[in-house]
Structures are given as structure tokens and as C-alpha cells.
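Visitor: Coordinates for the following, if possible.
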Amino acid sequence: MTTFVLIHGAYQGGWIWKRVAAELARTGARVLAPTLDGCAERKDQVRPGITTETHAAEIAELLFYEDLTDVVLVGTSTGGMVMAAAAERARARIARLVFADALALLDGEALPDIVKRPTAVDTALTSGPSREDFETRLFADLDPETRRWAIDRCTPHPIAVMQAPVRLERFWDQPWKASVIWCMRSANPPQAHQRRAADLLKARWHQLDTGHYPMLTEPVALARLIAQD
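Guide: Numbers count the residues shown, from 1 in each chain. Okay, here's the model as predicted:
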């Protein structure tokens with residue numbers, strides 16, 4: 001039985017994978033979609049010290065304590081950063097990686113090197129768009145019902161994840177079975193960034209004619225691509 005671990009991006013929680021998780025579960029797979037520290041229903045835990053690396057350690061520990069092997073890790077948006085760092089920590093447990101319109105930073109790169117966020121609303125602990133920005137830009141291509149549902153669940157993201165350089169000392173030097181899914185209507189991460197990841201990883205390349213939230217707009221098609229071995 002295949003185990004999929006779905007890693008969400010900024011402003012999200014495990015909730016964003018609901019439709020994709022249901023599609024994958026129909027194949028008989030085991031599907032986990034954890035919410036990361038300081039996000040969504042764990043927003044009250046936000047505090048200094050939450051980073052891409054602490055999020056990655058959470059995922060690696062989940063794989064250990066659940067005794068999971070041959071795992072397919074799936075990351076979207078900033079979840080790609082977490083996925084790479086988690087895979088580095090749990091190499092023996094990973095069968096395949098899927099970057100779903102995801103960031104794939106090199107060691108020492110930071111999100112602002114790749115993505116500009118002119119409307120970010122920052123606090124000492126978190127960063128995120130305004131509700132208006134969700135409505136008119138980030139979620140503009142969602143149907144009204146899904147847009148409301150998603151906005152009600154979005155939360156600011158731990159700020160260090162959005163600003164600090166990632167530490168990936170071993171990830172890019174190791175061979176991985178991987179695929180990259182580029183969402184053609186998504187401005188960020190840029191296509192060139194995702195092509196770089198595919199080239200470096202010698203990954204399979206897929207395209208979806210949708211925006212940056214394919215798990216909300218094209219869950220069946222996304223699940224199908226995720227499940228492709």
C-alpha cells in the first residue's frame with residue numbers, strides 16, 4: 001500500500017489537501033496531510049523559532065514514529081522547501097518526491113530570492129496577505145464557494161519560513177525519484193525556477209492548465225499526477 005504525505009504551503013494547513021486526499025484514498029492508498037507547527041488549527045502555537053527546518057523535522061519525525069517506508073512526499077508552494085529538508089533527514093524512508101507548483105530552493109536561498117510579496121502583512125511572528133489580497137489575487141480563479149471556504153481557513157505563516165535562507169547541505173547531492181508539476185496559470189514559483197528543479201533532479205515534468213492552488217481547482221487531475229510512479 002502506497003503512503004502519501006501531503007505537505008501544505010504558506011497560509012494553509014492540512015485542510016487544503018482535503019479533495020486530493022480523498023481522491024488518493026480511493027485508490028487504497030494511505031494518505032496523511034499534517035498541519036505544520038504554527039499554521040491553521042495550530043496557529044495558537046506560533047512563536048519565535050519556527051523555521052523551514054523545524055517544519056521539516058516534524059515531517060521526518062512523523063515518518064519515524066508512524067514507521068513509514070516507501071513514502072511519496074508531496075509538497076506545494078513553500079511546502080516544497082519543507083519537503084526537501086524533510087527528505088534530507090529521512091532519506092531511507094522516501095520512495096518519491098512530488099513538487100506540485102512548489103518552491104525548490106538551493107542551500108542558502110530564501111523565498112524572497114524567488115518570489116516577491118509586495119502586499120505582505122508582517123508581524124513579529126507571522127507573515128501573510130490581507131483578506132482582500134486573497135479575494136482579488138491569490139484566490140481570484142476559485143469559484144466563489146471554494147474561495148470563501150478557503151479564505152476562512154487561511155492563517156498567517158511563521159515569518160522565518162518566509163524570510164530565512166534554507167539549509168539543505170545534502171539534498172541536491174543525492175539522487176531522487178521525483179516529478180515536478182508546473183501550474184501554467186501560476187506566476188509563482190516561476191516556470192524557470194521549477195524547470196531548474198526538474199533539470200537538477202532529472203525529474204519527470206508535468207503541466208496543469210490551472211493556477212497556484214491545483215488541489216482546489218483540479219483535485220482529480222492533480223491526484224492522478226501525484227499517483228503516477
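Visitor: Tell me where the model's unsure across the protein.
Guide: Applying pLDDT under 70 to the chain flags residues 119.
Visitor: buried residues in the longest helix along it?
Guide: In the chain, taking DSSP state H as the definition, the longest helix is helix 52-65. Using 16 or more other CB atoms under 10 Å as the test for burial, helix 52-65 gives 52-60, 62-63. Glycine gets a C-beta too; all of them are placed from N, C-alpha and C.
Visitor: Could you do stretch 36-52 as well?
Guide: 36-40, 42-43, 46, 50-52.
Visitor: Stretch 79-97 now?
Guide: Quick answer for stretch 79-97 (16+ other CB under 10 Å): 79-90, 93-94, 96-97.
Visitor: Kindly report the same for stretch 62-78.
Guide: Applying 16+ other CB under 10 Å to stretch 62-78 flags 62-63, 68, 71-78 as buried.
Visitor: Please apply the same query to stretch 180-193.
Guide: 180-183, 186, 188-189, 193.
Visitor: Also stretch 5-15?
Guide: Buried residues in stretch 5-15, counted by 16+ other CB under 10 Å: 5-15.
Visitor: starting at the chain centroid, how far to it?
Guide: 6 Å (CA atoms, centre = their mean, to the nearest Å).
Visitor: next one: stretch 131-149
Guide: Using CA atoms, centre = their mean, the offset of stretch 131-149 from its chain centre is 19 Å.
Visitor: Export it to PDB, keeping only CA atoms.
Guide: Taking Å, rounded to 0.1, in the frame of the first residue of the first chain, the C-alpha atoms of stretch 131-149 are listed here in PDB:
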ATOM      1  CA  ARG A 131      -8.100  39.100   3.100                       C
ATOM      2  CA  GLU A 132      -8.600  41.400   0.200                       C
ATOM      3  CA  ASP A 133      -5.500  40.100  -1.500                       C
ATOM      4  CA  PHE A 134      -6.700  36.600  -1.100                       C
ATOM      5  CA  GLU A 135     -10.000  37.500  -2.700                       C
ATOM      6  CA  THR A 136      -8.700  39.600  -5.600                       C
ATOM      7  CA  ARG A 137      -5.400  38.000  -6.400                       C
ATOM      8  CA  LEU A 138      -4.300  34.700  -4.800                       C
ATOM      9  CA  PHE A 139      -7.700  33.000  -4.900                       C
ATOM     10  CA  ALA A 140      -9.200  35.000  -7.800                       C
ATOM     11  CA  ASP A 141      -9.600  31.900 -10.000                       C
ATOM     12  CA  LEU A 142     -11.500  29.900  -7.500                       C
ATOM     13  CA  ASP A 143     -15.300  29.500  -7.700                       C
ATOM     14  CA  PRO A 144     -17.000  31.800  -5.100                       C
ATOM     15  CA  GLU A 145     -18.000  28.900  -2.700                       C
ATOM     16  CA  THR A 146     -14.500  27.400  -2.700                       C
ATOM     17  CA  ARG A 147     -12.900  30.900  -2.300                       C
ATOM     18  CA  ARG A 148     -15.000  31.600   0.800                       C
ATOM     19  CA  TRP A 149     -14.200  28.200   2.200                       C
END
